[in-house]
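Chemist: test case, fold it:
(5 chains)
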Amino acid sequence: MKILLTYSFSSLATYIHNLLAELITNSLLLQVTEMVILGVSLIAFLVVLCFFLGYMERKVAAFMEIRLGPNRVGPKGSMQIVADTLKLLLKEGLTPDSADKFLFNLAPVIMVIGSMMVIAPIAFAKDFQLYDINIGVLYVSAVSSLGVIGILMAGWSSNNKYSLLGAMRSGAQIVSYELSVGLSLISIVVLSGSLSLGDIVRSQENGWWIIKGHIPVIISFVIFIIASTAEINRAPFDMAEAEQELTGGFHTEYAGMKFAMFLLSEYINLFVVSAVAATLFLGGWMPFHIGGLDGFNHIMDFIPSSVWFFSKTFLIIFIIMQFRWTFPRLRVDQLLTLEWKYLLPISMVNVILVTVMAIMGWHF
Amino acid sequence: MFLKEYFGTIYKSIKSLLVGMKVTGYYFTHLDEIKTEEYPDNRATLKMFDRFRGEVVMPHDDNNEHRCTGCQACEIACPNGTIKIITKQEILEDGKKKKRIDAFVYHLDLCTMCNLCVVACPSDAIVMAQNFEHSVYDKKQLKKILNQPDSKLMQGVE
Amino acid sequence: MRGLIEDDYVTDEGEFVINIGPQHPSTHGVLHLKVWLDGETVKKVQPHLGFIHRSIEKMSESLSYRNFIFATSRMDYLAAHINNEACALTVEKGLQLEVPDRAKYIRTILAELTRLQSHLLWWGCTGLDLGAVTPFFYAFREREYIMEIMEETCGARLTQNFMVPGGVMYDIHPNFQKRTKEVLIQIKSKFQEYDNIMTGNVIFENRTKGVGFLSKEDAISYGVTGPTARASGVSCDIRKLIPYSAYDQVQFDEILGTGGDCYARYMIRMHEMKQSVSIIEQLIDNIPEGEFQAKTKNVIKLPKGEFYQRVETPRGELGVFIVSDGAASPYRIKYRSPGFSNLSALPLMAKGGKIGDLVAIMSTIDLVIPDIDR
Amino acid sequence: MGSSALILLLLCGIAFAGAGILLSLAVAKTKKNAQKGETYECGIPTTGTSWIQFNVGYYLFALIFLVFDVELVFMYPWATVVKEIGMPALFEILVFMFILFMGLLYAWKKGALEWK
Amino acid sequence: MNTEELKSSISNILPSAIYDETGEFLNVNIASEELYPLINELRSNSEFDFDYLFCLTCIDWKDHLMMVYHLLSKTHQHTIVLKAKISNRENSEIETVCNIWRTAELLEREVFDLFGVKFINHPDLRRLFLSDDWNGYPLRKDYVDENMISL
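Modeler: As a prediction, this is how the structure comes out:
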């Protein structure tokens, strides 16, 4: 019990380091080995995560659509996504003759890199963080928009009209929604006074911001969820794919593993966005605390911090999934109207409100 | 005025979206509403309606007798040329020659299950069966001969 | 492949020509639209047809009057029953045959059930086309109940082929009335849910309101019929104008809209579903006893002449024009299919809209491609 | 774990995506023919290249975005210290936001926020 | 207008029209050259006001082709059937009506495709269903298709 509650990234790292130090004496080799272990475990984590998210999406969609969803491969169909990955692996990764072949093949790699880089500052549990960057929030918003380069690259290099249209749409879309995401992040930065995600989590020790900050923070939470759904190109903002209009949008020409990379990065993005939302607004790994009630807080601490983090993240993931399976898609001009005429002005005013609240100390 | 309209739109929009999410949320939490039929697994309980038209069959009784006189009414009634009746001359016990069917050829691959042959049949020799699993690997297997080998015309059917 | 000659594709400098269909998720079949774009805006649409042309008209010329009915099931496969009914009515008109009341009632109930299931499918597909996947499954759940009724009574789910000249092929199944009433209750209880998930949705409203406008004059000039025309304010419900079967026995409203846009077309169909439910409710308990089929000769021969019958399918006015020379099979048959004329107005409606609007318009005029190509 | 985490993640991304694609190249059966190399356009041969001058309404948005995004980055340092500085910071940002807001309203009224 | 009034009004415009009342609708038989002036009058004259062309087709009577126009007036609710006889089977021509009713554009293309009637002044007279290199006109009675399977 004790170990379970106090494990941390550094202690785990030290443990493995000590273990390896006995076996390998060369310090450079030791470092490389450690890096490889970390890298492999990261990739494994992300792959398992994506498999789970893929399975979850199918089941959520199925249950909302009064279907059973995957139920053949593995127990309750849980291995379906593995089977699909194998299928995609065995498929021929075509490159169209008229495409720009270098960019066409580079685009999926860029997408994966873009979405993988964002997980660096995310705190998965107490003291379980890859790198607590001191400008974490800025880093997240900067790196997460790298994806648009991949989409533009994919859409343009395919030399397909659907792809080009999809890429153009997503260019306008991601660029626009960046602003609302940024502004709603700023409102939390104003309250917590730090850009580091670790500090932001710790600032919620006596209550999550969504509770402490009441209405203005709820508004920025809602804006964040809407805008980041648009940022990661998910329905109802999946203009870049828009199956019914553009048959597949920017990834129309992709097949096999290259296509799987787009899928993978979509799921990592979904996770990252939800994790950031959970960290900023719902306290990340921080248990549900109410300032002053020490007994209650203590009971809450018994639930491991990683459980808190993942349950919050998956709650948000579920909400974003429910969006996808409930709403029709917006039209491209309405998408921009929503951002520029509604979300942006509101979030600008909201930042002022939050600032006033922070300075006057009106939050709990 | 503008602001009132502006916020009114936002309020209405969010409300309509939440109403929609309530519907999907309801079904997500009420898994007993799931309507999926797990087809190959429910074969044992799957019962087709008795009028369901799956394929044309010719019922034979225990003595391997059918009711088809070979009058070719079904062949004429069929819009697609699905049915081909090959007849032969048979000498009855009393020495009379009588036209009997040699083969009732039924091309399932041409059939549209329109039921016109069954309606046309004056002696109720053919009926529609409820079997619907017709997929085969070779198209030739869909050409069927409906009368069983060595089957005879039922007594009393003319 | 048709329509693929080179000079067909010569375009002006800087024009962006994109092919939507035949293999496209939102064309509901093999319809090919050639779309000229300016950025996202549609400048010109040109439909190319014939991918599923089976020449049913030519085929019918060699079929007997009993047999040609089955071929029409494959025209508008979502309203196979109404197509069959139209043919049977035309033949009866030629024979001057009085159909028993029972057959008339059964025909009408089945026709309205067909309309209901067709509209349900359309509703689901509209959601699908606009990007909402879930409504499709809700619509299919209710549609499945109706399909079961069809299967139980007619013997087939989609291509019922239950019509014969002079009446219906069989009497109704003993469970028919009970099951129909249950289904009606079921469907009525779901209308609110449909409104909740689609009609009231702000995204849906924005996607359809003011999109794909069709004026009343244009609607008439383009020969647009059915809900698409009624949304523009054209009174064209054949069931009201020239009642056939048992439509003169029932009370129902012809729903007329004024908007002429996608939303108006959507609402017309939503209301029509409720009207269909009410028509069936009026008839289901009052099916008169008696024969379900009038006696006809074994070989039907129509007298020399021309016979025209108009019926109202879920998509609009279906006209069956039979020219007879007195032989056992028609000399010439022309099907005036609703989708064909409705499609001709698509370029007009889509012009100036976005690609997303084009999809919305296509789904609200409810195209069924075999109906267009025949 | 310091900034080396970023390099590690970068390498992980490259390794994973690269390995996946290369593995599928090795495993998948490839059989090239002319049809497979064609551009997909619903089964109809495509007309010309898609790399032509293309009129999208979004260049304007990109310009407005540039303005706003630069301003947004200015706000990050402000946001970290606003609590300590208090009222003066609020007034500063009010002026700043007011100008930005006016800019947005101007663009709105000018019709730059309509996708054409 | 009832049938008699329609007949007398049409006779004023086109005395050579022959009437046939055996069917459901009033049939007006004319020659193909006389079609356009009459049909233009039927549409534009507010007494007729035939604003709705609900069926346009062609019949191959072996020695001649016959264009059939089913016209309906939404305002007056009267219907007539115009039949224009095209005597020249090999080089059949008739004036288009698609500038009067827009629905005729596709319908006339269909007739051109399947019967080979050429519509003068039609804006876009191409094959509609069949491929552009198709030989012959399938709905003509003398059309022979070598690939056709007789059932």
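Chemist: alpha carbons only for contacts and neighbour counts from here, please
Modeler: OK.
Chemist: and the strands in chain E?
Modeler: Taking DSSP state E to define them, one finds strands in chain E at E:18-20, E:26-31, E:52-60, E:65-72, E:79-86, E:93-95, E:118-120.
Chemist: direction included, what does the longest one pair up with?
Modeler: Pairing partners of strand E:52-60, with direction, according to DSSP bridges: strand E:65-72 (antiparallel).
Chemist: any idea how far the strand it pairs with is from the chain center?
Modeler: For strand E:65-72, the separation from the chain centroid amounts to 4 Å (computed by C-alpha atoms, centre = their mean, to the nearest Å).
Chemist: same question, stretch C:312-332
Modeler: 16 Å.
Chemist: nearest the geometric middle of chain B, what residue?
Modeler: Taking C-alpha atoms, centre = their mean, the centroid of chain B lies closest to B:G54, which sits 1.6 Å from it.
Chemist: pLDDT score assigned to that one?
Modeler: Looking at B:G54, its pLDDT stands at 85.
Chemist: which residues touch it?
Modeler: B:113, B:128-132 (C-alpha atoms under 8 Å, 6 or more residues apart in numbering or on different chains).
Chemist: those: which two are farthest apart?
Modeler: B:M113 and B:N131 (11.9 Å; C-alpha to C-alpha).
Chemist: need the residues of chain C near chain E, please.
Modeler: Within chain C, the residues that sit near chain E (C-alpha under 8 Å from any C-alpha of the partner chain) are C:1-3, C:5, C:48-51, C:53, C:58, C:220-223, C:305-308, C:319, C:332, C:334, C:336, C:341, C:344-345, C:373.
Chemist: among the residues you listed, which are in strands?
Modeler: Short answer: the residues of chain C next to chain E in strands (DSSP E) are C:48, C:305-308, C:319, C:332, C:334, C:336.
Chemist: near chain C, which residues of chain B?
Modeler: Applying C-alpha under 8 Å from any C-alpha, one finds that chain B approaches chain C through B:12-13, B:16-17, B:19-21, B:23, B:35, B:49-53, B:77-79, B:114-116.
Chemist: swap the cut-off to 7 Å and go again
Modeler: Chain B has residues B:13, B:16-17, B:19-20, B:23, B:49, B:51-53, B:79, B:114 near chain C, with proximity defined as C-alpha under 7 Å from any C-alpha of the partner chain.
Chemist: of those - the most surrounded one?
Modeler: Comparing those by number of neighbours (other C-alpha atoms under 10 Å in any protein chain shown), B:P79 comes first, having 27 neighbours.
Chemist: does it count as helix, strand or coil?
Modeler: coil (DSSP: H, G, I helix; E, B strand; the rest coil).
Chemist: excluding covalently adjacent residues, which one is nearest to it?
Modeler: Closest residue in space to B:P79, ignoring its immediate chain neighbours: C:N67 at 5.6 Å, by C-alpha to C-alpha, 6 or more residues apart in numbering or on different chains.
Chemist: count of neighbours near the one you found?
Modeler: 20.
Chemist: stretch B:31-50 - what's its average pLDDT?
Modeler: Over the span of stretch B:31-50, the pLDDT mean works out to 83.
Chemist: ok, back up a step: farthest pair within the ones in strands among the residues of chain C next to chain E?
Modeler: Greatest spatial distance among these (C-alpha to C-alpha): C:H48 and C:G305, at 34.3 Å.
Chemist: so which of the contacts of B:G54 also contact chain D?
Modeler: Applying C-alpha under 7 Å from any C-alpha to those, one finds that nothing falls near chain D.
Chemist: what's the closest of the residues you listed to A:D294?
Modeler: B:F132 (68.4 Å).
Chemist: and the closest one, its phi and psi?
Modeler: phi -130, psi 0 (degrees, to the nearest 10).
Chemist: list the buried residues for the helix or strand bottoming out on mean pLDDT in chain D?
Modeler: Across the helices and strands of chain D, mean confidence by mean pLDDT, DSSP states H and E is lowest for helix D:58-85: a mean of 78. Of the residues in helix D:58-85, D:58, D:60-62, D:64-65, D:68-69, D:72, D:75-83 count as buried by neighbour count, 16 or more other C-alpha atoms under 10 Å in any protein chain shown.
Chemist: before we move on, what about stretch C:316-329?
Modeler: Here stretch C:316-329 shows C:316-325, C:328-329 as buried, counting by 16+ other C-alpha under 10 Å.
Chemist: rewinding a little: list only buried entries from the residues of chain C next to chain E.
Modeler: The neighbour-count criterion (16+ other C-alpha under 10 Å) marks C:2-3, C:48-51, C:53, C:58, C:220-223, C:306-308, C:319, C:332, C:334, C:336, C:341, C:344-345, C:373 among the residues of chain C next to chain E as buried.
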